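**Student:** Make a model of this:
(chains A and B)
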Number of protein chains: 2
Amino acid sequence: MSQTTSPSLPFVQSEMHPSRWGDPALAGPLPDSARGLVELAFGLADRPALAEPALPESGLADDLVVALRAVVGDEFVLTDDATRRLRTRGKSTPDLLRMRAGDLGDAPDVVVRPAGHDEIAAVLALAVEHRIAVVPFGGGTAVTGGLAARRDGFAGLISLDLVRMKGLLDVDEVSMTAILEPGLRGPEAEALLAERGLTLGHYPQSFEYATIGGFAATRSSGQSSAGYGRFDALVVGLRVATPRGELRLGSAPANAAGPDLRQLILGSEGAFGVITAVTVRVRRLPAVKVYEGWRWSSFDAGAEAMRTLAQAGLLPTVIRLSDENETAINLARPDEIGDGDGSAGTDNGGAGAGCLMITGYEGESAAVAAKQAAVTAVLEGLGGTPLGTEPGEAWAHGRFGAPYLRDAMLDVGVLVETMETATFWSNRDPLYTGVKDALAAELGDGAIVLCHISHVYETGCSLYFTIAAKGADDPLPQWLRAKAAASDAMMAAGATITHHHAVGTDHRPWLTQEIGELGASVLRAVKADLDPTGILNPGVLIPDAADV
Amino acid sequence: MSQTTSPSLPFVQSEMHPSRWGDPALAGPLPDSARGLVELAFGLADRPALAEPALPESGLADDLVVALRAVVGDEFVLTDDATRRLRTRGKSTPDLLRMRAGDLGDAPDVVVRPAGHDEIAAVLALAVEHRIAVVPFGGGTAVTGGLAARRDGFAGLISLDLVRMKGLLDVDEVSMTAILEPGLRGPEAEALLAERGLTLGHYPQSFEYATIGGFAATRSSGQSSAGYGRFDALVVGLRVATPRGELRLGSAPANAAGPDLRQLILGSEGAFGVITAVTVRVRRLPAVKVYEGWRWSSFDAGAEAMRTLAQAGLLPTVIRLSDENETAINLARPDEIGDGDGSAGTDNGGAGAGCLMITGYEGESAAVAAKQAAVTAVLEGLGGTPLGTEPGEAWAHGRFGAPYLRDAMLDVGVLVETMETATFWSNRDPLYTGVKDALAAELGDGAIVLCHISHVYETGCSLYFTIAAKGADDPLPQWLRAKAAASDAMMAAGATITHHHAVGTDHRPWLTQEIGELGASVLRAVKADLDPTGILNPGVLIPDAADV
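**Tutor:** Residues are numbered from 1 along each chain as shown, chains lettered A, B, ... in the order given. You can find the predicted model right below:
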């Protein structure tokens, strides 16, 4: 594959609010349509966020700041409060609650913005020499504490901000692959590929802000992954800067040349190295996109229909299924699922009308029509009721909007958060019931627990839970107790602690249960080999030996 | 998933000939139909194999043999010559040439047949304590020296023969998964699954002898992998016995719980641990199987058609394409491609008629018809000539037979061997040309080099080469020189050293070039963690630090 220098995007400076999700211009109070319902369910309490919580002083010695400037250039080493605040933690509810409470204890000492692989390697060398912790930072959308590295024992903490690495380095239209730099956000990568008529097709809820490097480092899964594949399945090659040098992986579409080392870097969350380029499989931009709704009599009936499609090799590009509670809530809040005309309440089949499934088809027109016809025949045969395109379009329109609503709910004292897991089909209902019961028991009677199946496979599916509860005076320990109970329930059910949110610091206490003491030992061995001084994202992902 | 004890097959004793492929009853001289051609091309020389070459004495101390008997039972620790000979090396041409020449230097001292995971763990503990090398042995079909472990510095060498571990441990028909023991040969696993109406669908050329554990340990790929998936894609869970304890991996169909450690065990070739159970994805037995032939004007034209299908998401269950040379040879040898009526020469389109493609469809009748129609439309649109089912049936009939022919050719002094690689579509022709030229240059003018594309992906394909040449007086160094030249050509082209034959000892000298010095270091780190005393398959797969 020839290396051509393709046009890069201009340095994009748009930033999320430091203690809220997304574009500050789009943040707002709870919509009137929801306010009454929320008040009825939880009561309202005014809980504004601290506008600009105070930061601890940058603790990195001046000579080290000077040394970093020598590597990447003066203007790309920042120690000002505003920049450091913007690189503090991610966007989980605990992250937001800590920011709202004025806790900026995880702020980096310095934000360093390298231009490419070689500068990253040089920063890592400096960090090793002076024992400075390094936290790679892409979109800042982490929801499991992956940006909250341990800093004790280090001379300081660098946020290694990949915002300058936004190149499309190569496109191979014969092999249908592209090489992307890690700092490209979802829409930026899609825009560059679209110039060639190509798409990646990776649309997680964080799409608007999350980056290519983050997708790879966390094994991201998107809303269209049934059609395009999980991000780990889209990756054919990786370039990685580690404290011990460079890894270049991906010599063929598939091979038998020993263990697949790409699969060690995918999901490594910055703890093994910094991903500096990702070669991905790309597809032609779809000519047609169709999204539809289906109504099922129950969550079980809809889930069985999903299983039938998956095992028949007949998956649409998008397929999701809300349980009864989530269906009812969505129908009651048309504004929040983006259906501005308010008619969804009837068009979707009416409140209490079972479970809503969304199916989506993307591709060439004839292929879409054929797939849609085949899927429709199966779903009708299984008792599904077609609801037409309106619920599907409403979902597509609002698909990235939910995190804004969370901020508005937090503003009025309602605790809102999500968590997810996955298991095999035969274990779906025990897992669903176990996690739901654990959340309900811990959060109390007034809490709402919603669930949807967000991703399906031949052998199983993921479950994505959303909770809303009246916030306690200090909602953080309230949520952490509920999260722990739900996580314990996942382990008790033999499921995974995370299907696509990654491990970070929040799931790390459960990882050893999932992969075993020896599995954790292997992770430590790889970490010790690639990062012998332990500077990379310390405390993230890798269980300590003492955790066992 | 509940653990039920399913019926296991009886202890199957059928063995391959120690220095030939397959069932000794099926071995025979070169068919008359081929003899004339072979004589014309290479001349004939009588090169019989030594019937029963002498073995070195078993070198393991008596007290260790006694200790092993205490673990697995007296009758399952064997030191007799016949058993040790049958557990010596695999079935590559170099393996066969060494056996034919009477070199049994790699024979194990003792063959140990454990009944299950716990006995394997106990054998490993004993091996660690007394520093005995352990070579896991499944079907004995290795073709890259994976059974020829280094023995220097060890108290002896155990062949850990998994022949007693043939259970179907569990079937989950909701999730469509099954748990198989590693010693099940391909037909045995299929027979057990067929009792439930299920299939694995994994048919490598070694299918009749190779085992489930070996498929996983070597990342095997089958002739139907376009439809069913490579074996590594079929694996959802693994249980592994290592010198440091047990690994149980595979908590969900997919997850983001850190790096995928299953992908470290897949392809680990016995160097990290012994795979004691494999949870695989299964499918319903296909109601219909259709195999067809297509003629293409050139290898390029056929390969481009394959690429089109792969990138359109329209792959048949089986798809293969022979280059001009392989097509001509197959047409000239109807008996060897299994078409006993001798009419293939005309039905396949006549000699010199471009390139033969085989397409195969398996599944429910309606799905097969729909896929076949869609693929047919694409292939006809691209200029392919349909040849009907006869060439397809002929291929299906003879699909496991080629290794027998190799023995017959070796008997008359003709060197025959295969090797394979893979790359991205844009690099297919440079790789093809590079390897073919390297082989031709090293083997000389009279040699024949054939190639087919055996596996295709959206982003690329594999290339499978077969060579035949007049054997030198000592054909082993003759082949090793040609193999080295071809391997160098693969590396020069940026391809993989192996698409599905694995690394073993034969490809190990090239592995560091492919995965880099740091990648090799990671493999050593994992090895050191799981097998700190290095007893497992020493010298196989993992590059020495000194190799760098």
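
**Student:** count of neighbours near residue A:250?
**Tutor:** 22 (other C-beta atoms under 10 Å in any protein chain shown). The way it works is simple: take the backbone N, C-alpha and C, and place the C-beta from them, glycine included.

**Student:** whoops, residue A:131 was the one
**Tutor:** Number of residues near residue A:131 (other C-beta under 10 Å) recorded here: 13.

**Student:** give me every residue that touches it.
**Tutor:** Shown in contact with residue A:131 (C-beta atoms under 8 Å, 6 or more residues apart in numbering or on different chains): A:153-155, A:533, A:535.

**Student:** any idea which of those residues has the most stuff around it?
**Tutor:** residue A:535 (24 neighbours).

**Student:** which residues sit in contact with that one?
**Tutor:** Counting by C-beta under 8 Å, 6+ apart, residue A:535 touches A:124, A:127-128, A:131-134, A:154, A:243.

**Student:** Up against chain B, what does the stretch 201-350 of chain A have?
**Tutor:** Proximity of the stretch 201-350 of chain A to chain B (C-beta under 8 Å from any C-beta of the partner chain) is limited to residues A:218-221, A:230, A:232, A:236, A:242, A:244-249, A:251-269, A:272, A:281, A:283, A:307, A:311-313.

**Student:** What's opposite residue A:291 in the beta bridge?
**Tutor:** Beta bridges link residue A:291 to residue A:360 when assigned by DSSP bridges.

**Student:** and it, how many neighbours?
**Tutor:** Neighbours around residue A:291, by other C-beta under 10 Å: 22.

**Student:** circling back to that earlier point, list the ones among the residues of the stretch 201-350 of chain A next to chain B that fall in strands.
**Tutor:** Among those, the members falling in strands (DSSP state E) are A:236, A:242, A:245-249, A:281, A:283.

**Student:** would you list these in a markdown table and tack on pLDDT?
**Tutor:** Supplementary listing: these in a markdown table, determined by pLDDT from 0 to 100:
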| residue | pLDDT |
| --- | --- |
| A:236 | 98 |
| A:242 | 98 |
| A:245 | 98 |
| A:246 | 98 |
| A:247 | 98 |
| A:248 | 98 |
| A:249 | 98 |
| A:281 | 98 |
| A:283 | 97 |
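
**Student:** now the strands: where do they sit in the stretch 401-548 of chain A?
**Tutor:** A:414-424, A:448-453, A:460-470 (DSSP state E, counting those that start in this stretch).

**Student:** Adding mean pLDDT as columns, could you present the ones you listed in JSON lines?
**Tutor:** Rendered in JSON lines, the data for those read as follows (pLDDT from 0 to 100):
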{"stretch": "strand A:414-424", "mean pLDDT": "97"}
{"stretch": "strand A:448-453", "mean pLDDT": "97"}
{"stretch": "strand A:460-470", "mean pLDDT": "97"}
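
**Student:** Of all these, which one comes closest to residue B:208?
**Tutor:** Judged by C-beta to C-beta, the one of these that comes nearest to residue B:208 is strand A:414-424, at 30.9 Å.

**Student:** Just the closest of the ones in strands among the residues of the stretch 201-350 of chain A next to chain B to residue B:160, please.
**Tutor:** Nearest to residue B:160, judged by C-beta to C-beta, of these is residue A:249 at 30.8 Å.

**Student:** residue at max distance from the center of chain A?
**Tutor:** residue A:63 (36.5 Å; C-alpha atoms, centre = their mean).

**Student:** Pick out the most distant pair among the ones in strands among the residues of the stretch 201-350 of chain A next to chain B.
**Tutor:** A:245 and A:283 (33.5 Å).

**Student:** out of those two, which sits in the busier spot?
**Tutor:** The neighbour comparison of residue A:245 against residue A:283 (other C-beta under 10 Å) goes to residue A:283, with 21 against 15.

**Student:** so who does the more buried one touch?
**Tutor:** Counting by C-beta under 8 Å, 6+ apart, residue A:283 makes contact with A:176, A:198-201, A:228, B:311.
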